[in-house]
Every structure is written in C-alpha cells, then in structure tokens.
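**Student:** Make a model of this:
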Amino acid sequence: MSMKHAKPNLSQSQVAEMVKRLYNVMPSEIRQLPSFDDQNFYVAAIEGGEYVLKIVNSKDSKQPALIEMQTCAMSFLHQNGFPAQTAQPTTSGQLMSLEEIETDYGCQKYLVRLLTYLPGTTISKVPLTPELLHETGKTAARMDKILQELEHPHLSTLQREGFLWSLSNIPLLEPYISVLDGDPLQEVVKSVMHQYKTSVAPRYCHFRKSINHGDFNDLNVLVHPDENDGYRISGILDFGDMNDGYYIHELAITIMYMMLEHPKPIEVGGHVLAGWESVLPLNEAEKDCLYVLVLCRFCQALVLARYCVTQLPENAEYLMITSRKGVHILRHLWELGKEQVEKVWFQSAAQLSDRE
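**Tutor:** Numbering: from 1, shown residues only. Next up, the predicted model:
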C-alpha cells in the first residue's frame, strides 16, 4: 500500500492541456479540490458548464474495469433520479482515458474522467438537524436499494478482496495497528477487532447483501438550502470505495461519519437509523451488530489515516480530519458500551418512527 508515488500531482497547466485535448473544453478557471489519494480539479469552461476532472491514482488506474463499474453505477443512480455525477465523453466517445504522464519518479499512467460538477455545500458545514440526519439515513438506504438493481458485466470487480476500507475486511487492519504504538487507544482498537471476530463475523450469514457506496461521509454528501430554512441533500460524491458488501455496512458507515459533525454524537444514530429503516428495516442480526460495526469504521479511519500520514506527510491535514474528531467519539462509545448506546439509538429511532 505504498501511496507515496501513487497519488497524481498534476499542475494546472497540465490539467488545462488535458481538458482541451480530451474534451475540447476551454477552461476559464481551474482550482484543485481536496482529496485522499486521487487528484481532483474544479474546471469552469469559457463556453459555460462546470466540471470536476478526476485523476485516479496510479494504483487504482491499473483496474480500469473497476473504475468503469463505478462510473456506470453513478450514471445508473442519476438515471434513477439520484443526485450523482456523470462522466462526460471524450472527443472520441470514451468515458475515461488512460494518460501517460511524466513525473519526478518516472512515467506514470492515470485514468482520467471529466465529471459533471454538483453545486452545494458539504454536509460537514451545516447544522445537522434531526430532519437532515433522517434524510441522510433515508438517502443512503434508497441509494443501496437502487444499486441492488444494477446489472453490468464487471459487477464482480466490486468484490475487492483485500480492500482495506471494506467493513468485511476488519482483520486486515492488524498489520497496521503498530502505528498506534504508545497510544492508549491501541487497546480499544484491538478490543473492537476482537468483538468483530467473535460477535459480527459469525453473523454474516444473516446479513442482507448489497452494493455499498462505502464512503457515505460528511465530505461526500452535498446539501442546499430548502424552503423551511433547513437543508436538503443535493449530491452524492466519490464512488471510489464502492464494494460488494451488506446493507448494514452502509448504515454503520453513514452513522459514524455523521457523528463526527454533531455536538452530541451519540444522538445521531437514532435519527439516521429511523431514516434508514423507513426504507429498509433491519433484521435482528443486523441490529445486534450495528454498534460494533460503527466502532469498526472508527478504527479503520483512525488506523489507516495514521498509516497514510507516514506515507504522505504533506497531505497530513486532510488525512487527519476524520481521525482527530473520531478519537474522542470512539473512546466515548467504547466506554458507554453496547447496551447503553443501543438503548439511545433504538429507542429514539422507534419514537421517531411512531411520529411518521
């Protein structure tokens, strides 16, 4: 997982040349957007129109079938009335192009796509009202339900064995736990992983399978103001972590990331859960494993962010966003314990459902 040389590092002039050559778009403005391991640029065209040029890291660029699958999923959601980006064809009619680019460490190949730009504010920047949290849970469930109907010759690429961000692969974190040496949180992470092996892994036969977005986080959900002085979801970004998973995984990931942005994180779960269950009610096994799976996502975010900073120290500020906030919430959730947290989540979700 050496990321040092995988992340693209194109200049604005290289981007300008690329969008002109590949898409016949004359840019009036180009600016870089924050990203984890790809490189994203906002592009405004002189002739009108706004886009995002997404340059996939060299590691993932070796899996064109997977990137094609993600692009197709975004288009499928868009066709079904979902606020997802779509890829613009090149002048030769392709939805992506493999570009060879000279870098400081030799010639690298990157897959490039020009996506529609979705206006809006990230949900991280607005107050997370009960109504917005409910809509977030409902939107995540609707998205997974639509993705379940997706048919494509490359669907098998979503199985992604060895993918560290899949909640099915929690044991794969073990080689990376050493980044927490000397940190008291290491014991919490080890305990959560033990809980996963003993109480979650044996229940997978009872979970319902689905295709997961896999990263329904506070920076990938866009909102815009509604007529009631609140906000509504206006866009879902970044399908790079899509994988063949389970409905309960998507819910756990959504709850975890919404907790990061709330002054009372524990209360978040009930509102998101009520929204989710208005579309996809949980079965008993899924309910019983939700708490541990939310903790598992905190552990993934914490361990992998710390590891990535050792690889990409210059991107530390962006990489540690989730980790910095998540440390305290993870510790608090662990200290409260499963029974106490579930009581808060499931009782408030039941009360909210009764009101609907």
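**Student:** Show me this protein divided up by domain.
**Tutor:** Per automatic domain parsing, the domain ranges recorded for the chain read 12-116, 121-355.
**Student:** Pick the most buried one from these.
**Tutor:** domain 121-355 (a mean of 18; mean count of other Cβ atoms under 10 Å). From N, CA and C alone the C-beta is placed, and that goes for glycine too.
**Student:** Next, give phi and psi for S234.
**Tutor:** When read as degrees, to the nearest 10, the backbone of S234 gives phi -120, psi -10.
**Student:** center of the chain - which residue?
**Tutor:** Centroid-nearest residue in the chain, with Cα atoms, centre = their mean: D215, separated by 1.5 Å.
**Student:** so the residue lying closest to it once chain neighbours are set aside, which of the three states?
**Tutor:** Nearest residue to D215, sequence neighbours excluded (Cβ to Cβ, 6 or more residues apart in numbering): D241, at 4.1 Å. Put simply, D241 is coil when judged by DSSP: H, G, I helix; E, B strand; the rest coil.
**Student:** which strand in this structure runs the most residues?
**Tutor:** strand 106-116 (DSSP state E).
**Student:** coming back round to it: tell me the pLDDT at the residue nearest to D215?
**Tutor:** In this model, D241 is scored at 94, pLDDT.
**Student:** repeat for M1
**Tutor:** At M1, the model reports a pLDDT of 40.
**Student:** same thing with S11?
**Tutor:** We have a pLDDT of 91 for S11.
**Student:** same deal with P27?
**Tutor:** The model's pLDDT for P27 equals 97.
**Student:** Check C289 too.
**Tutor:** Predicted confidence (pLDDT) for C289: 98.
**Student:** circling back: how about the domains of the chain in CSV, adding distance to A6?
**Tutor:** Formatted as CSV, the domains of the chain follow (distance: least, Cβ to Cβ, whole Å):
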stretch, distance to A6
domain 12-116, 4
domain 121-355, 9
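**Student:** Tell me the first helix or strand C-terminal of the helix-or-strand element of the chain with minimal mean pLDDT.
**Tutor:** Least confident element among the helices and strands of the chain, by mean pLDDT, DSSP states H and E: helix 316-319 (a mean of 57). The helix or strand immediately downstream of helix 316-319 is helix 321-336, counting by DSSP states H and E.
**Student:** Could I get the full set of helices for the stretch 151-300 of the chain?
**Tutor:** 185-195, 247-259, 265-277, 284-311 (DSSP state H, counting those that start in this stretch).
**Student:** Show me the contact partners of the shortest one.
**Tutor:** Under the contact criterion Cβ atoms under 8 Å, 6 or more residues apart in numbering, helix 185-195 has outside partners 170-171, 173-174, 177, 180, 292, 295-296, 298-299, 302-303, 327, 330-331, 334.
**Student:** Nearest to E99, out of the helices of the stretch 151-300 of the chain?
**Tutor:** helix 284-311 (23.3 Å; Cβ to Cβ).
**Student:** Let me know the angle separating that closest one from helix 265-277.
**Tutor:** Helix 284-311 runs at 120 degrees relative to helix 265-277, counting by axes from the mean of the first three to the mean of the last three Cα atoms, to 10 degrees.
**Student:** Give the residue spans of this structure that score low on pLDDT.
**Tutor:** Applying pLDDT under 70 to the chain flags the ranges 1-5, 312-323, 355-356.
**Student:** at 80 what do you get?
**Tutor:** 1-6, 36, 103-105, 308-325, 353-356 (pLDDT under 80).
**Student:** how about it, which residue sits the furthest from its center?
**Tutor:** Most distant from the centre of the chain: E47, at 32.2 Å, with distances by Cα atoms, centre = their mean.
**Student:** OK, contacts around that residue?
**Tutor:** Taking Cβ under 8 Å, 6+ apart as the test, what E47 contacts is V25, M26.
**Student:** Then the one 10 residues further on?
**Tutor:** Taking Cβ under 8 Å, 6+ apart as the criterion, N57 is in contact with M3, A6, K7, P8, D37, D38, Q39, Y110.
**Student:** So the fifth one lies in a helix, does it not?
**Tutor:** No. When three-state DSSP is applied, D37 is found to be coil, with no helix at that position.
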